[in-house]
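A.B. asks: Predicted model follows, preceded by the sequence.
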Amino acid sequence: MIALLVQCTGVFAFSGNVALSVGYGEKDITPDIAVKNWVTGKAYPKVNDPLLTRVVVISDGAAKSVIVSLDLVDAGESATHEIRKAVGSALGVSENNIMVTATHTHSAPWAPVYKKGYRGLEADTWWAIRYVPAQNDHPPFKKWMQKLLDNVVLAAREANSRLQPATIWIGKADISAYANNRRPVKPKWGVLQNSLPKGYSVKHEAYNPDVLTDGSNYGPMDRTMSLVSFRDAAGKNIVSLYHMSVHSVSIYPYSDEISADWPGEATKQVQATLGGKAVFLQGAAGDINPWRRGREAVNEMGVGVAKRARGAFDFSVQLAADSVVVRRARAALPLDETGKKRTGEDLVMAEVQALSIGPLAIVTLPGEPLTDMGTAIRNRSPFPHTLVLGYSNGNGVHYVAPPGEKAKGGYEMESGTVGADDAGLILIEAAVRLLNETVRIPN
C-alpha cells in the first residue's frame, strides 16, 4: 500500500531560467566520549576525528528546501521528525521541504529516539541496543541529544544566512576502485575443493579485496560518483554535493574511537581540492563495502575521491535551473516474523522523498537499500540525473532489496532486515511514482 502525502511545493511548468540561491552551514555534533559505543557497550576511548552536521539551504525565490546531513549511523524516524520541526520553525520552512540523511559511519552513535511510537513497540533498533541498554537516561547521552538538535538548527541558520546566487552543475566519475560488493554470488554446484585459508576475513593477513573467493561471481555495484556543484558568478564552487554508494566502515571495526570514517576525510579532501564546501550523500550502499580498511586506507580513499571530484567538476555540465519541487510519500511496508515480534505490528510506515531541480532529482529511501534498489529506480526515472539516497528520513525495514534477494540469504537479508520479500518493491514503486509526478519536461 502506498499513500501519497498531499503536501508538495513548487510550480509545475518547466521554465529553465529560475534564479537559484544556495547557502551552507556546519556544526560539530560529536558526543562526549562518555557516551557508550553501540558496538562495544563501553565508553568511546577517544575522538579520532569530529562528527559534523552539514546543512544546505536551496532557494528558488519562492520557497526554500533544506538538506541536513548527519555524521551518524542513521537518520531514524524520531530524530528526523524532531529535526524537521526544529529547523522548520527556525527557518520558516515547510517540514515537507526538509530532507534528513546520514553518512552511515559506524564509528558514531545511532540517531537518538526522542519519542516512541514511530515503529510500534520498537524504539531503538536492535543494533543500537545489542550491547548496551537504551541510553536516553544516561546523562552524557541525554546531553548529546539536545546538543544534536541545537547544533543542527545553528547550522541551518548559518546556511540560511549565507544564501547567495548560484548556478547548478553536474559531473560524474568512476569510484569503483574504492568499493566492492560484499554479497558475491556463490556457485550452487560444481566446486570440488576450496583453497580459502582458515579464518579468512577482512582482518586476515592474506585478505585481498581485489580477489573473489569461493568461486563466486561479482555482485552488482554502482560505480558512479555524481558531483552536483553550486557555483557563484565567477564559476567557483560554493558547495558541492557528492553522491556515491559505499558503506562507511573503514575505521570500524579496527578502532573503537569516534570517527566520521572515510566520508569525513573525503569531504575534507574534496573541499581542499575544489575550494568551497562539500557534502557527502550516501547512496544505495547496503551491499557495498570500501575497498580497504584502516586509517591509511581512509586517507588514500579521501585523496582518490577528491581527485575524481576534481575531474567531475572540471568536466561538468550546467543544468537548466528550475524551481525546486519537493514531494513525499508514505508507504506501508510488510514485516517478516522478526519484524512483527519487535514492533507488534504487521506493517511499518516508511517515507520516500523526492527533491527536483530541472533535470536533477534526489530521491531518498529509508534504511539500507542494496545496489539493485538504486538501479531499479534510476532505470525507471524520467529524470536525466537521478541520485538515490539511502539512510534517509527513517529506517524502514532496515536492509531492503528487490523481491528475490531474501532467498539468497546472508546477513543483510536475514538478521539485517525485518521486511517481507516485497518491501523493496513497494519502496521502488513509491519512488518511481513520486519522480513521475514531480518531473517537468520542457515542451
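C.D. replies: Nice, I can see it.
A.B. asks: Quick check, pLDDT for the residue most central in space within the chain.
C.D. replies: Computing the C-alpha centroid of the chain and ranking residues by C-alpha atoms, centre = their mean puts Gln282 first, at 3.4 Å. Looking at Gln282, its pLDDT is 99.
A.B. asks: That one and Gln146: what is the separation?
C.D. replies: Separation of Gln282 from Gln146 (C-beta to C-beta, to the nearest Å): 25 Å. Any C-beta I mention is one placed from the backbone N, CA and C, and that applies to glycine too.
A.B. asks: gap between the two ends of stretch 90-97?
C.D. replies: Using C-alpha to C-alpha, to the nearest Å, one end of stretch 90-97 lies 13 Å from the other.
A.B. asks: Now it: average pLDDT?
C.D. replies: Here the average pLDDT along stretch 90-97 is 98.
A.B. asks: what's that stretch in contact with?
C.D. replies: 5, 7-9, 57, 63-66, 84-85, 87-88, 153, 156-157, 160, 324, 326, 328 (C-beta atoms under 8 Å, 6 or more residues apart in numbering).
A.B. asks: repeat that with 7 Å
C.D. replies: Contact with stretch 90-97 is made by 7-9, 63-66, 84-85, 87-88, 153, 156-157, 160, 326, 328, as judged by C-beta atoms under 7 Å, 6 or more residues apart in numbering.
A.B. asks: and the residue nearest to Thr417 when sequence neighbours are not counted, how many neighbours?
C.D. replies: Closest residue in space to Thr417, ignoring its immediate chain neighbours: Tyr399 at 4.3 Å, by C-beta to C-beta, 6 or more residues apart in numbering. For Tyr399, the tally of surrounding residues (other C-beta atoms under 10 Å) stands at 26.
A.B. asks: List only those of the contacts of stretch 90-97 flagged as buried.
C.D. replies: 8-9, 63-66, 84, 87-88, 153, 156-157, 160, 326, 328 (16 or more other C-beta atoms under 10 Å).
A.B. asks: Can you tell me which of the residues you listed is nearest Gly117?
C.D. replies: Arg84 (16.1 Å; C-beta to C-beta).
A.B. asks: ok so that closest one is a helix residue?
C.D. replies: Yes. Counting by DSSP: H, G, I helix; E, B strand; the rest coil, Arg84 falls inside a helix.
A.B. asks: Contacts only, for it.
C.D. replies: Contacts of Arg84 by C-beta under 7 Å, 6+ apart are Glu95, Ile98, Val100.
A.B. asks: Drop anything exposed from those residues.
C.D. replies: Buried residues within the contacts of Arg84, counting neighbours by 16+ other C-beta under 10 Å: Glu95, Ile98, Val100.
A.B. asks: May I have the secondary structure class of the last one?
C.D. replies: So that's Val100. Judged by three-state DSSP, the three-state class of Val100 is strand.
A.B. asks: circling back: make TSV out of the buried ones among the contacts of Arg84 and add distance to Arg223.
C.D. replies: Listed next are the buried ones among the contacts of Arg84 as TSV, based on distance: C-beta to C-beta, whole Å:
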residue	distance to Arg223
Glu95	35
Ile98	30
Val100	27
